[in-house]
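Student: fold the following, please.
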Amino acid sequence: MLMKPFTVADYLLTRLKQLNVTEVFQIPGDYVKHFTQALEYFDGVQAIGAVNELDAAYAADAYGRTRGLGAVSLQYGVSTFSALNAIAGAYVERSPVVVISATPGADARQITKMYDVLFHHSTGNLQCDQEVFEHVTVAAETLSTSVGAPEKIDNLLIAAITYKRPVYIACYKEVWGEPCPRPSKKPLQPLVIKSDPLALENAVSQAWAQITAAKNPMILAGVEVLRHGLSDLLQQIIDASGFLYTTTSLGKTVLDEKGSKFIGTYSDAASIGNVIELVQEADCFLTLGAIITDDYLWFIENKYADMVLATTEQIRAGYFIYENVTMKDFMEALLQRFKKTKGYPLPAAAPAQPVYPEPWASNSDPHWNDKPEVITYNRFFQHSMKFLKANKMLGDIVMTFGVSSSLYVATNAYGLAKNSFISSAAWQCIGFETGAASGAQLGSGKRAWTIAGDGGFMMVCQSLSTLARNNLNAVMFVMSNGVYAIEQVYVDMTAFEPGPQHKFDAFDILPTWDYMALAQAFGADGYRVETIQELEEALRKIKRTTGKPTLVEVVIPTKDLPGQMRRLGLE
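Tutor: Model prediction:
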């Protein structure tokens, strides 16, 4: 019996398996058929069939954030372009995803040249896919032959795991099925990029002068610390310095949320009062791995000169910028300064974390004070977080959020485990949370706990089918108020005032869906909750659910405006 040849597709799959990628999210297509057929029979890597490209790519992104590398297989043109939004988000938020595709083959290209034929899914420029993806990846390659394929595949994967960003690889249609040498048994390793010694010394000296001159320094930690495996180093710096620390919204759960130095997550005006006050009072910010977005304009306008900033793209101390210095080297050098210097740790201690029902009670919309049974954004988190804590579930879940009012309310939460809060807080994509659920659960091995806006859920609701298809017991809470509330806040916040004279803009009003019928159609359990008591009953049932997802329609008043969003809207 003839043995099947080892192919280019087998090579890539072997390398992915060595890097602990045991699932590849997939949309089928004729051009990419040689890869998808190899994936179907490849031992140790499972194909996860998704129902559309955003579903597949959001899932691969969340998988990359939790596992260290994700992969998605897509058809040429119509499929890759549909997934572009998700891959752009992965690029912005530092999530390593391998985008796998295939193009018309050598025969098709010759036919095009001879007869001017436009092949399906093509714009006419057969390099268009790669050219587009070059803008949202750190490396992109289209293989026209199996010759040299191993080296090119290795270089792409090394780029992904080094820079923690997406890469794109396509082959001419036939190349995925062509014979290829086997890789070595040694897994690929990220590049080790070292700093220029003198530049590092200058950067650390300037930063140290600024830090030691401060009377009230603080650490602001961001997502790059988590992505690059530097959380333990961050903890050592916190311990050695004695500084209080906070995180950005995107960097939330860069560490386990415990200890005497964590003040809570800083989400500008959406933050807890104590957090805002401490940030305002600080006179130096050791900012490590943070992507500073326009969510932090007050911070930039008021604290720019007080920042010591270290990211994978820049090292800055005040107004001084240093090139050829890596974040890791900078952090390690600062740690040694802290360890060698007397006078540290500082005696600072974070304020006590707010106890139940805070921080939710004080942020709940006062319009519903006389209706304690009504679920509001803050009451949802007040009771669901209490349930998770009481049932010791906080270490067993991974939360996913797109951009919605829920995201900003959720940043007030305390007590979450490391890398258990996945959000589109920088790219700010509505609907990310829904597609991310399957990747977050498969990548982390924890139960996905998704809180979606109803508008975001409507964009990729088919992701519920992917969860059911793969027997994942993820939970999807849809905050059902019938409007794009977060959009209305920034358009005209008076719409949330009581009375028929205050109306939502027509473009922010959503259609009415029967969520329970949808859950049944997709193969999920479904609950509709309108009161706190019904929510608590549903939570108890959800805890016991295995083998299938659960959709919970959480009915909240259309005009519920959480205090976190009100403050953001007034800025």
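Student: any weak-confidence spans in the stretch 1-150 of the chain?
Tutor: 1-2 (pLDDT under 70).
Student: in the helix or strand residue 540 falls within, which residues are buried?
Tutor: Assigned by DSSP states H and E, residue 540 belongs to helix 532-543. In terms of neighbour count (16 or more other CB atoms under 10 Å), helix 532-543 has its buried residues at 532, 534-535, 538-539, 542. Just so you know, the C-beta spots here come from the backbone N, C-alpha and C atoms, and that holds for glycine as well.
Student: keeping just the C-alphas, turn the helix or strand following that helix into PDB.
Tutor: For helix 532-543, the succeeding helix or strand toward the C-terminus, using DSSP H and E, is strand 550-555. Coordinates of each C-alpha in strand 550-555 appear next as PDB, following Å, rounded to 0.1, in the frame of the first residue of the first chain:
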ATOM      1  CA  THR A 550     -26.600  28.700  26.800                       C
ATOM      2  CA  LEU A 551     -28.100  31.900  25.500                       C
ATOM      3  CA  VAL A 552     -29.600  34.200  28.100                       C
ATOM      4  CA  GLU A 553     -31.600  37.200  27.000                       C
ATOM      5  CA  VAL A 554     -31.200  39.700  29.800                       C
ATOM      6  CA  VAL A 555     -34.000  42.200  29.500                       C
END
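Student: tell me which residues in strand 550-555 are buried?
Tutor: By 16+ other CB under 10 Å, the buried positions in strand 550-555 come out as 550-555.
Student: keeping just the C-alphas, turn the helix or strand following that strand into CSV.
Tutor: Beyond strand 550-555 in the direction of the C-terminus, DSSP H and E gives the next helix or strand as helix 563-570. Extracted in CSV, the C-alpha atoms of helix 563-570 (Å, rounded to 0.1, in the frame of the first residue of the first chain):
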residue,chain,number,x,y,z
GLY,A,563,-23.0,55.8,35.6
GLN,A,564,-19.8,54.6,33.9
MET,A,565,-21.2,55.5,30.5
ARG,A,566,-22.8,58.7,31.7
ARG,A,567,-19.4,60.0,32.9
LEU,A,568,-17.7,58.9,29.6
GLY,A,569,-20.4,60.6,27.6
LEU,A,570,-20.0,63.9,29.5
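Student: just checking, what packs against helix 563-570?
Tutor: helix 360-363, helix 405-410, helix 485-491 (3 or more CB pairs under 8 Å, 6 or more residues apart in numbering; DSSP states H and E).
Student: would you format the buried residues of strand 550-555 as a markdown table with pLDDT and distance to residue 523 included?
Tutor: A markdown table is the format used below for the buried residues of strand 550-555 (pLDDT from 0 to 100; distance: CB to CB, whole Å):
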| residue | pLDDT | distance to residue 523 |
| --- | --- | --- |
| 550 | 98 | 11 |
| 551 | 98 | 10 |
| 552 | 98 | 16 |
| 553 | 98 | 17 |
| 554 | 98 | 21 |
| 555 | 98 | 23 |
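Student: quick one on the thing from earlier: just put the buried residues of helix 532-543 in TSV and tack on pLDDT.
Tutor: Below are these laid out as TSV (pLDDT from 0 to 100):
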residue	pLDDT
532	98
534	98
535	98
538	98
539	98
542	97
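Student: with respect to residue 93, which of the residues you listed is nearest?
Tutor: residue 542 (28.3 Å; CB to CB).
Student: how about the contacts made by the closest one?
Tutor: By CB atoms under 8 Å, 6 or more residues apart in numbering, the contact list for residue 542 reads 475, 527, 550, 552.
Student: list the beta-bridge partners for the last one.
Tutor: Each beta-bridge partner of residue 552 is listed here, defined by DSSP bridges: residue 477, residue 527.
Student: pull out the buried residues from the worst-scoring helix or strand of the chain on mean pLDDT.
Tutor: One helix or strand of the chain scores below all others by mean pLDDT, DSSP states H and E: helix 106-115, with a mean of 82. For helix 106-115, the neighbour count (16+ other CB under 10 Å) marks 108, 112 as buried.
Student: export that helix as CSV, just CAs?
Tutor: C-alpha atoms of helix 106-115 as CSV (Å, rounded to 0.1, in the frame of the first residue of the first chain):
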residue,chain,number,x,y,z
ALA,A,106,-0.3,28.2,-11.9
ASP,A,107,-2.7,26.8,-14.5
ALA,A,108,-5.3,29.5,-13.7
ARG,A,109,-2.7,32.2,-14.0
GLN,A,110,-1.6,31.0,-17.4
ILE,A,111,-5.2,30.9,-18.6
THR,A,112,-5.7,34.4,-17.3
LYS,A,113,-2.6,35.5,-19.2
MET,A,114,-3.7,33.8,-22.4
TYR,A,115,-7.4,34.5,-22.5
